[in-house]
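Enquirer: predicted model and sequence below, questions to follow.
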Amino acid sequence: MRSYDIAALTSVGRERAGSLLKPRVDQIRRFDLLQTLLLGGVVLIVVLFYVWQHVQVIRLGYQVESLMGERAGLLQQQKELRVEVAQLKSLRRVEEMARRQLGLTGPKPGQVITLE
């Protein structure tokens, strides 16, 4: 019977020790969980920042390519407009328009006066 009493006391002692240690173990587990969650959160933030940064670089690359294409088109248009301006300023063209539209003619021999 004595062995039964010792076993009973031992099991009671274990239960009592377990009940005393349980809050401490729960507190340690909670602290470990909090550390894990914080570390996971920091890692998640770093990864999300890296992905966001990478997406921004790619987006800006596409934007630069688009603007370079637009610039090339505008440069071509500028060249075409300069050629058109040169054609419109041509003295031969202005003279033809003066003759056709305004009915002007070249000066007669006595109309030109040269000053020294």
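Expert: In hand now; what should we look at? Numbers count the residues shown, from 1 in each chain.
Enquirer: strands along this protein, start to end?
Expert: For the chain, applying DSSP state E gives no strands.
Enquirer: distance of the spatially most central residue of the chain relative to Glu96?
Expert: Residue closest to the mean C-alpha point of the chain, counted by Cα atoms, centre = their mean, is Gln56 at 3.2 Å. Relative to Glu96, Gln56 is positioned 58 Å away (Cβ to Cβ, to the nearest Å). All C-beta atoms are positioned from the backbone trio N, CA, C, and that covers glycine.
Enquirer: from Tyr50, how far out is the residue nearest to the centre of the chain?
Expert: Noted for Gln56: a distance of 11 Å to Tyr50, by Cβ to Cβ.
Enquirer: next one: Ser90
Expert: Distance, Ser90 to Tyr50, using Cβ to Cβ: 61 Å.
Enquirer: where does pLDDT dip in the protein?
Expert: In the predicted model of the chain, residues 1-28 satisfy pLDDT under 70.
Enquirer: for the chain, what spans make up the helices?
Expert: Per DSSP state H, the chain carries helices over the ranges 2-88, 91-101.
Enquirer: hmm, who's touching the shortest one?
Expert: Taking contacts as Cβ atoms under 8 Å, 6 or more residues apart in numbering, the residues outside helix 91-101 that touch it are Gln87, Leu104, Thr105.
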